[in-house]
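In: build the 3D model from these lines:
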Amino acid sequence: MKILKVVWGLILFGALVVVVQLADLPQDSPTAKYQRLPEVSIRNIVEAEWAVGRTESALLLLDYIVENDLPEKAEAIAARQKIFAQLGTESSPVFRLKASGWAAALADESSFDSLAGNTLADAALYGDIADLARQGSFDGNQDDFTAALNDIRGMVNVFPPAEGAITLAKAARRAGAINESLTKQLRQVLGLMRADPKSALAVEKFKENFMPMFELAKRCRTWGEFETILQQADSTDQLLVLTKMASASPATAKHLGQVLSLAAYDGRPMVSSCLDHIMRQGPKGLDALYEAVAKGPAGLKFVVDHPTFTPQGLVPVAQSRPSALDFLQENYQALRFQYGAAVPALKYLLIAVLCGLLVLLVIPGRYLEKLIARPGGPIAAPGALHYL
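Out: Numbers count the residues shown, from 1 in each chain. Got it, this is the predicted structure:
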């Protein structure tokens, strides 16, 4: 009997602890509003990006699904392998560029402690991108931009780091990773350097305008990260800012690329809003946007519109295996939004009932009889059930 009584006591106490922890968040709080945002399928966005040829965005978003253990994880892994298989059958330089870095990144996708030897800059110096450059893959159908880069290659004799930066710039131009605004600025600088690429002035101009691109490549493990970030730079000054954003930690460049991939899907205004938010809020702003990717473009817009909303305010609603308490809290909040004040009232009624049952279980029957059931009184004495 005593053992049964202890078991029932533990069950009731555990239930009471769980119910008490169900928080009554204000329905107009940022967290509550975020929870009410509709669920989106990142996989559908991936398919749309893949259909229009934005392979880098598709792979980054698929990686987001996998690394955050979202419900679409199994489908995302299959879709990622399908894309890799298709890239493997293509022999064009652009497709080979888009696959750069992904094999190494996936082989060690859980570790970002060090990027040494695994960055895109390394690939441009002595990896896949360097091999493509030696094969002349970036010189086919070359335009005046690529021709100008070839003309200043003599600078390598006085400034050796220019070798990797020139290779990377040619690859970026071949893949369409440099937008027209930045291309125009770089083309003007190249015109000035072509006359005497070994001069001190030419070297200084090269450092100011082309080395930031190489610095960004040092922060990126895959071509997708590099291209997605680089495409948003309209000038070398903006490129410096983007590179600084991507330098906070080894994983920051990837997170920034994933945020910008989703933002670009929604449109350039969303990209500008996200970048402004990161500039104002710093790494915490990027962390909040990264968490909000699970809610789609609406999630990004919500974070931008609520600057004080931090990652700590985000409930992991999209995880496929939330804790039992998270599951109960989400359902409790959903019921509150649907039925209003009646749900909290029922919660407090349940707390009262559980407390009453615990009192009945803890207080010995003979003492309870003295308190509430005097002989001849209207209240019946405790029965056999209580003495259990």
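In: for whatever helix or strand residue 12 lives in, buried residues please.
Out: Element membership for residue 12 (DSSP states H and E) is helix 2-20. Residues 12, 15, 16, 19 are the ones in helix 2-20 that count as buried (16 or more other CB atoms under 10 Å). Every residue, glycine included, has its C-beta placed from N, CA and C.
In: swap in stretch 173-192?
Out: 173, 174, 175, 177, 178, 182, 185, 186, 189, 190.
In: quick check: closest non-adjacent residue to the second one.
Out: Using CB to CB, 6 or more residues apart in numbering and skipping the chain neighbours, the partner closest in space to residue 174 is residue 138 (4.6 Å).
In: okay, that neighbour: pLDDT?
Out: For residue 138, the pLDDT comes out at 86.
In: helix, strand or coil: sort out it for me.
Out: The assignment at residue 138 comes out as coil when based on DSSP: H, G, I helix; E, B strand; the rest coil.
In: spit out the contact partners of it.
Out: 93, 132, 146, 167, 170, 171, 173, 174 (CB atoms under 8 Å, 6 or more residues apart in numbering).
In: which intervals of this protein have sub-threshold pLDDT?
Out: 1, 25-28, 101-117, 141, 311-323, 364-388 (pLDDT under 70).
In: can we see that at 50?
Out: Where the chain drops to pLDDT under 50, the residues are 107, 109-116, 313, 315-321, 385, 387-388.
In: and residue 55, what does it touch?
Out: 49, 83, 87, 98, 224.
In: so where do the helices sit in the stretch 101-250 of the chain?
Out: Along the stretch 101-250 of the chain, the stretches classed as helices by DSSP state H, counting those that start in this stretch are 102-107, 120-126, 128-134, 144-151, 162-175, 180-193, 200-209, 211-219, 223-230, 236-245.
In: what's the domain layout of the protein?
Out: 2-37+322-387, 42-265 (automatic domain parsing).
In: can I get those in a markdown table including distance to residue 308?
Out: Formatted as a markdown table, the domains of the chain follow (distance: least, CB to CB, whole Å):
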| stretch | distance to residue 308 |
| --- | --- |
| domain 2-37+322-387 | 8 |
| domain 42-265 | 18 |
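In: can you say which of the ones you listed is packed in most?
Out: Most buried of the domains of the chain by mean neighbour count (mean count of other CB atoms under 10 Å) is domain 42-265; its value is a mean of 19.
In: ok, residue 2 to residue 279 distance?
Out: Residue 2 sits 65 Å away from residue 279, going by CB to CB, to the nearest Å.
In: center of this structure - which residue?
Out: Residue closest to the mean C-alpha point of the chain, counted by CA atoms, centre = their mean, is residue 290 at 3.4 Å.
In: sticking with that one, tell me its helix or strand.
Out: Residue 290 belongs to helix 283-292, assigned by DSSP H and E.
In: report the angle between the helix or strand following that helix and helix 283-292.
Out: Where DSSP H and E defines the elements, the next helix or strand beyond helix 283-292 is helix 297-305. Computed with axes from the mean of the first three to the mean of the last three CA atoms, to 10 degrees, the direction of helix 297-305 lies at 160 degrees from that of helix 283-292.
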